[in-house]
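J.: What follows is a predicted protein model with its sequence.
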Amino acid sequence: WHRRKKRVIELVGLLSAFTIGHSVTVALAVFSYIHAPAPPVEAVIALSIIFLAREGLREPTTSSFPFSLALAALGFGLIHGLGFSSALTNVGLDRSMVALVSFNLGIECAQLFAVLALLLLTRFLIKKVHYTSLSYALGGVSAFWLIQRLSYFS
């Protein structure tokens, strides 16, 4: 139980770091402090998911990041926030603090639901499918997405 509790706390910390990252860049973009063109941002998002899939292939005690996973999650959140901000400008979000907080709460609820669903799914699938297969599937889909996004540059 103690080990599982520690892993849940670590997961909550990683999700929080990701949330802080995407909240910062979404806020900066919504209030026009930063702007990044969508195609390169989407390509980098796909690349970040490939890195995450690669991380899933490593032993739990090792990491490919030369710094903490929380900093990696924060960095990924910053990148993904740029993607969210592109989507927001396309749908014409009101540039108010209320709209921004509402959007972030919605994203957070969706993220928590997705993580819970994935945890339940992997708990079920782990008995049927090896965890490595899931990482390869995630990496393969993300690699396809990266190649597709890179084709926008030509």
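T.: Perfect, thanks for sending it.

J.: This structure: strands as residue ranges?
T.: In the chain, no segments count as strands under DSSP state E.

J.: shaky segments in it?
T.: The chain contains residues with pLDDT under 70 at 1, 58-67, 89, 92-93, 125-131, 154.

J.: which residues of it fall in helices?
T.: Ranges of helices in the chain, per DSSP state H, are 2-30, 38-56, 69-91, 97-125, 131-150.

J.: helices or strands next to the last one in the packing?
T.: Spelled out, that is helix 131-150. helix 38-56, helix 97-125 (3 or more CB pairs under 8 Å, 6 or more residues apart in numbering; DSSP states H and E). All C-beta atoms are positioned from the backbone trio N, CA, C, and that covers glycine.

J.: just the angle between it and helix 38-56, please?
T.: 160 degrees (axes from the mean of the first three to the mean of the last three CA atoms, to 10 degrees).

J.: ok so, going back, can you tell me which of the helices and strands packed on helix 131-150 is most buried?
T.: helix 38-56 (a mean of 17; mean count of other CB atoms under 10 Å).

J.: quick one, that one and helix 69-91 angle?
T.: 150 degrees.

J.: Could you tell me how far helix 38-56 lies from the centre of the chain?
T.: 9 Å (CA atoms, centre = their mean, to the nearest Å).
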